[in-house]
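*Asks:* using only what follows, build the 3D model:
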Amino acid sequence: MAWKRELSQEKLQQVDELHTLLMQNQPVTNGSDSILWDAKKSYTVKAFQQAVNRESVCDSVICKVWMKLAPPKVEFFLWLALLEKLNTKEMLWKKGIVQANQIGCPLCTAQSETENSDHLLVACPISWSIWCTIAEDLGQVITVPATFRHHFEEWMSRQWRNTIMRKLWCSTFFAVAWSLWLMRNEIIFQQKALNVEVLCNLIRWRVTFWQEHGRMNCHTRWMI
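*Replies:* Residues are numbered from 1 along each chain as shown. The predicted model follows:
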């Protein structure tokens, strides 16, 4: 098979895996197509969901991003981050787009720290200081997690007696992660200087804006 562009090493590996999978299954030339299910059980939606969850990478934790507490593009961003599919510098290096000496974190400017989702969104000292500041605004103390996914799990599992406060707490996670990503892009592509105080105020403003306009249930009204 001829490809229109040269494939990266990662893509070549995926092509080999696909070929291997296809070679394990041979079509039946003399039979007709049919839909099969587990012969021991009748088909139900619940059975289908259980089968999908067993095979799917997008597990129940990651699917919690679709809470309608933030604009759809922000939910999609967080979904990619939890799947470690963001185009961070490390990801671009793996794709052969940037060089190994160009993958340092743009927030803490530590060239020894590789910019991946975990570092950029939670492990970076600048990022973590922002998380702690915003959590303190809501009277909460947070501990350093092992990964961004663990941070998401711990944040979302925190118990609140008041429903409004719980929604505020959850939407804050989206706002912090999204704001860090936007700030990262502005530093890289627009050479903007990082101002932590301004960024924290912007996060607070986003949370307030989303809380007010999210009640309209109209995606065309979502902004920022």
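*Asks:* wait, isn't residue 137 in contact with residue 203?
*Replies:* No. Contact criterion CB atoms under 8 Å: residue 137 and residue 203 do not qualify, at 9.2 Å. Backbone N, C-alpha and C define where each C-beta goes, glycine included.
*Asks:* and residue 111, its phi and psi?
*Replies:* phi -70, psi -20 (degrees, to the nearest 10).
*Asks:* show me what contacts the nearest residue to it once chain neighbours are set aside?
*Replies:* Nearest non-adjacent residue to residue 111, counting by CB to CB, 6 or more residues apart in numbering: residue 104, 3.8 Å away. Taking CB atoms under 8 Å, 6 or more residues apart in numbering as the contact definition, residue 104 lies against 89, 110, 111, 112, 113, 114, 115.
*Asks:* for the nearest residue to residue 64 once chain neighbours are set aside, give its distance to residue 121.
*Replies:* Setting aside the residues directly before and after it, residue 64 is nearest to residue 156 in space (CB to CB, 6+ apart), at 5.9 Å. Using CB to CB, to the nearest Å, we find residue 156 at a distance of 15 Å from residue 121.
*Asks:* before we move on, back to that, now for the residue nearest to residue 64, how many residues are close by?
*Replies:* Counted with other CB atoms under 10 Å, residues neighbouring residue 156 total 15.
*Asks:* please apply the same query to residue 106.
*Replies:* Residue 106: 18 neighbours (other CB under 10 Å).
*Asks:* next, give phi and psi for it.
*Replies:* According to degrees, to the nearest 10, the main-chain angles of residue 106 amount to phi -80, psi -10.
*Asks:* separation between it and residue 125?
*Replies:* Taking CB to CB, one finds residue 106 at 13 Å from residue 125.
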